[in-house]
Structure formats: C-alpha cells, structure tokens
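Undergrad: Below is the sequence, then the predicted model.
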Amino acid sequence: MNLTSLVSLDIGQNYFSSTSELNLFVHLSSNLQVLRLDRNNFNGPFPFKMFEKFRYLSVLDIHGNSFNSSASMLDSLCNHSSLVVLDLSFNELEGPLPLCLGNLTSLKVFDLKINRFDGKIPSELGYLKELSYLDLSSNSFNSSIPSSLGKLRKLEFLYLNGNHLYGKVPATLGQLSRLKQLSISGNSLTGEISELHFMKLKRLKYLGFSGFVELRVNPQWIPPFQLSVTYLDLSKNKINNVLPSSMKNLRCLIEVDLSENKLTGTITEWINQELSQLRMLTLRSNSFYGVIPSSFKYFKYFYYLDLSENQFTGTIPEWIGEVSQIEELRLRSNSFYGVIPVQLCQLPYLKTLSLANNNLTGYIPDCLL
C-alpha cells in the first residue's frame, strides 16, 4: 500500500543496516520531499536510480553510513531542480563527480566530505548560484580549483582541504563577499597568494591556508577581515621575513598557527594586549627572536603556546604563573637560559611542558618531579 500523502521521512540516528530494506522506498509516494537516513549502519550501494521518481525531493541526507556507490550514480539526481540539501558525507562513495550536478540550481547545502571521490572538481559547480555551503574536504580530488567557484556569491562556507588539488589558487575566491569560513589546507597547491585573494572577504572568520603557497602582500596591507577573523592557519607556507604590521589589528583572533614558515623578527610588534581573546598561538619552526612578550600575561583564555624551534632568548618569565588557563607550553629548541621558574607550579591545568634543548640551569621545581 502506498503512503500517497507522505512528504517527509526521517529515520536518522538509528541502527538500521540492511540495504535491501531501502528497496521498499519504491512504494513511497512520488510527492516525497524530505528523506533523512543519516547516522545508521547502512552499507553497500545506495539506490540512487530509485530516486528519479521523487521529482519534488528537496532534502536528501544519507551522511554517516557506509554506502559505497559509484559517483556516476549521482546523475540520477541531476534533474532534481528542487533539491536544496544534498548531504552524502561520511560514506565510502567513490569516483569522479558527474558534470550534470551543475543542474541542481536550487541547491544551498552540498556536503561530500570524507568519501573517496576523485577526478576533477567540476567547473559546472559554478552554476549553483544559491549555494551557501560547499564541503568537498577529505576526498581524493586531483585537479585545480576551478575559478568558477568565485561566481558562488551566496557561498558562506567553502572546504576543499585534504585532497590532492594542485595549481594556483584562483583569485576569484576573493570575490566571495559572504564567505565566513575558507579552508584549502592539505593539498599540493602552488603559486602566490596576494591581496586579490582576500579582496572582498570582509566577513571571514576562519581561514585555513596551510601547506602550499607563498604569501606576498604589502607589509602595510590591511586585511578586509581584520574585524571578523577568529581562526588563522598559515602554517607550512613560504612566508618570508616579517609579518604585515596589520596583524596587530586582528583583534578577534582566537587561534593562530604560523608554524613552519620563514618568519623572523620579534613578536612584540604584533602580539599586544589588544589580542585579548587569543587562546592558541603556534609559531613553531621559524626564526623569531627576542624575549617572550609580557603582554601574554593579560590573555585570560590562553591555553596553548608553542614557540619551539626558534631563536627566542632570555629567561622564562616568572609571570608565566599568571597565565592560569595554560594547558600546553612548548618552548623547546630555543636559547632560553636561567632557572625553571617555580611559578610554573601555579598552573593548575598544565598538561604538557616542553623545555628541551635550551640553556637552562639550576634546580628542577619539586612540582615537576
């Protein structure tokens, strides 16, 4: 018997596992609009072909299962112009994406993360003008980033990290004026990143650009996102010499990772009391020198500091005991000298302390023994 009035079916977050049971969907009404099968134990091929009959489908969410269909089966969805949410993440789907996915012009959420998709990122995705969320992370895409993604003017979240992408980062991404989070870390991208790549990113809160490119901006450059960005990851790039002086104006920063670059100079120029929200700072493997800035003691929420493998000098300051929330303090492989301050014993949440390969002398505080 057909459920001719059924328009929404949600059986997510259960323990269903038999894929054969999905064949029963053939009896569902063609008026079905919402189907959620997320976070079950389904495995095997997903019957995408069956969904050609559901021409009014607006939400298809099968994330968090073990479906292993070929991506070519997705062409069964390409005529679903009413589809708004397509979440296939956390499965074992594989192969190159069909170009006809560019026909899904009503799509707002497109999530494919943590699968086995490969091949090119279709430039046709640039036709999805309503898209606000695009996540292709943790797959095996091996192409350049299509410049057409810069046409997605409603896009707020873009994740391309953890693939095998190569070539230059298109400057068109700098036109995504609504973008709040951007991550393209963990690829094999090359070339330079300039002011053009950030031109209209005034709303950006999360920026993950780790491990590929050379940042070339004017030392006096003022980022358009200076009043919004909270997370900044520029690690494992080729950033030379000193940081732009405008870094000190990024007052909303919470987490910063600049490790494994070629940065030099002191950090007192851009680490100041105005960065009062800072909680995590990683500067490992650079050429910074000078002393630990006293402004750190004003960071009430500071829980992670990694200055290891630099050229910092001076003593480990006694005021370190005032940074009461610190959990990890990594100062190894510098030129610190003097004694280990007993004030470290005042840090109730300290879990990791790394002081190896310095010039420290004297006694080890009892609390560390």
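TA: All right, it came through fine.

Undergrad: Give the rounded mean pLDDT of stretch 252-260.
TA: In this model, stretch 252-260 carries a mean pLDDT of 93.

Undergrad: what's in contact with it?
TA: If you take C-beta atoms under 8 Å, 6 or more residues apart in numbering as the criterion, stretch 252-260 is touched by 205, 210, 227-237, 239, 243, 275, 277-286, 301, 306. For the C-beta atoms, the positions are set from N, CA and C on the backbone; glycine is no exception.

Undergrad: Filter these down to the buried ones.
TA: 205, 210, 228-237, 239, 243, 275, 278-286, 306 (16 or more other C-beta atoms under 10 Å).

Undergrad: I'd like to know which of the residues you listed are part of strands.
TA: Those of the buried ones among the contacts of stretch 252-260 mapping onto strands are 231, 232, 233, 280, 281, 282, 306, per DSSP state E.

Undergrad: Identify each of the strands in the stretch 51-200 of the chain and give its residue range.
TA: Under the criterion DSSP state E, counting those that start in this stretch, strands of the stretch 51-200 of the chain are mapped to 59-61, 66-67, 85-87, 94-96, 109-111, 116-119, 133-135, 140-141, 157-159, 166-168, 181-183, 188-190, 192-193.

Undergrad: Of those, which shows the lowest average pLDDT?
TA: Comparing mean pLDDT over those, the weakest stretch is strand 192-193, at a mean of 86.

Undergrad: which helices and strands does that strand pack with?
TA: Packing partners of strand 192-193 (3 or more C-beta pairs under 8 Å, 6 or more residues apart in numbering; DSSP states H and E): strand 214-215.

Undergrad: same for the strand it packs on, what does it pack against?
TA: strand 192-193.

Undergrad: Name the strands paired with the strand it packs on and say parallel or antiparallel.
TA: According to DSSP bridges, strand 192-193 has the following sheet partners: strand 214-215 (parallel).

Undergrad: Show me which residues of stretch 293-310 are buried.
TA: Applying 16+ other C-beta under 10 Å to stretch 293-310 flags 293, 295-299, 302-310 as buried.

Undergrad: Kindly indicate which of those lies nearest residue 45.
TA: Closest approach to residue 45 among the buried residues of stretch 293-310 (C-beta to C-beta): residue 304, at 43.9 Å.

Undergrad: Just the local confidence number for that closest one, please.
TA: The predicted local confidence for residue 304 is 97.

Undergrad: Distance-wise, check the closest residue to it other than its chain neighbours relative to residue 232.
TA: Here the nearest residue to residue 304 in space, its sequence neighbours aside, is residue 280; by C-beta to C-beta, 6 or more residues apart in numbering that works out to 4.2 Å. Here residue 280 is placed at a distance of 10 Å from residue 232 (C-beta to C-beta, to the nearest Å).

Undergrad: repeat for residue 94
TA: When distance is defined by C-beta to C-beta, residue 94 is 34 Å away from residue 232.

Undergrad: again, but for residue 75
TA: Residue 75 is 39 Å from residue 232, where distance means C-beta to C-beta.

Undergrad: Over to the residue nearest to residue 311 when sequence neighbours are not counted: give its phi and psi.
TA: Distance criterion C-beta to C-beta, 6+ apart; nearest residue to residue 311, sequence neighbours excluded, is residue 289 at 4.2 Å. Dihedral angles of residue 289 (phi, psi; degrees, to the nearest 10) stand at phi -140, psi -180.

Undergrad: how many neighbours does residue 289 have?
TA: 16 (other C-beta atoms under 10 Å).

Undergrad: so where is the stretch 101-250 of the chain shaky, pLDDT-wise?
TA: 241-244, 246 (pLDDT under 70).

Undergrad: which among the ones in strands among the buried ones among the contacts of stretch 252-260 gets closest to residue 185?
TA: Among these, residue 233 lies closest to residue 185 (C-beta to C-beta), at 6.4 Å.

Undergrad: tell me the SS of residue 24?
TA: helix (DSSP: H, G, I helix; E, B strand; the rest coil).

Undergrad: Show the contacting residues for residue 126.
TA: Neighbouring residues of residue 126 by C-beta under 8 Å, 6+ apart: 102, 146, 148, 149, 150, 151, 152.

Undergrad: if we can go back for a sec, check what pLDDT the residue nearest to residue 311 gets.
TA: pLDDT, residue 289: 94.

Undergrad: does it really touch residue 266, like I thought?
TA: Yes - applying C-beta atoms under 8 Å as the test, residue 289 and residue 266 come out as touching, 6.5 Å apart.

Undergrad: Can I get the contacts of residue 126 in a markdown table including distance to residue 198 and neighbour count?
TA: Converted to a markdown table, those look like this (distance: C-beta to C-beta, whole Å; neighbours: other C-beta atoms under 10 Å):
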| residue | distance to residue 198 | neighbour count |
| --- | --- | --- |
| 102 | 27 | 18 |
| 146 | 19 | 17 |
| 148 | 19 | 18 |
| 149 | 15 | 22 |
| 150 | 13 | 17 |
| 151 | 18 | 18 |
| 152 | 16 | 24 |
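
Undergrad: Just put these in a markdown table and tack on distance to residue 53.
TA: Below are the contacts of residue 126 laid out as a markdown table (distance: C-beta to C-beta, whole Å):
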| residue | distance to residue 53 |
| --- | --- |
| 102 | 22 |
| 146 | 32 |
| 148 | 31 |
| 149 | 32 |
| 150 | 36 |
| 151 | 32 |
| 152 | 30 |
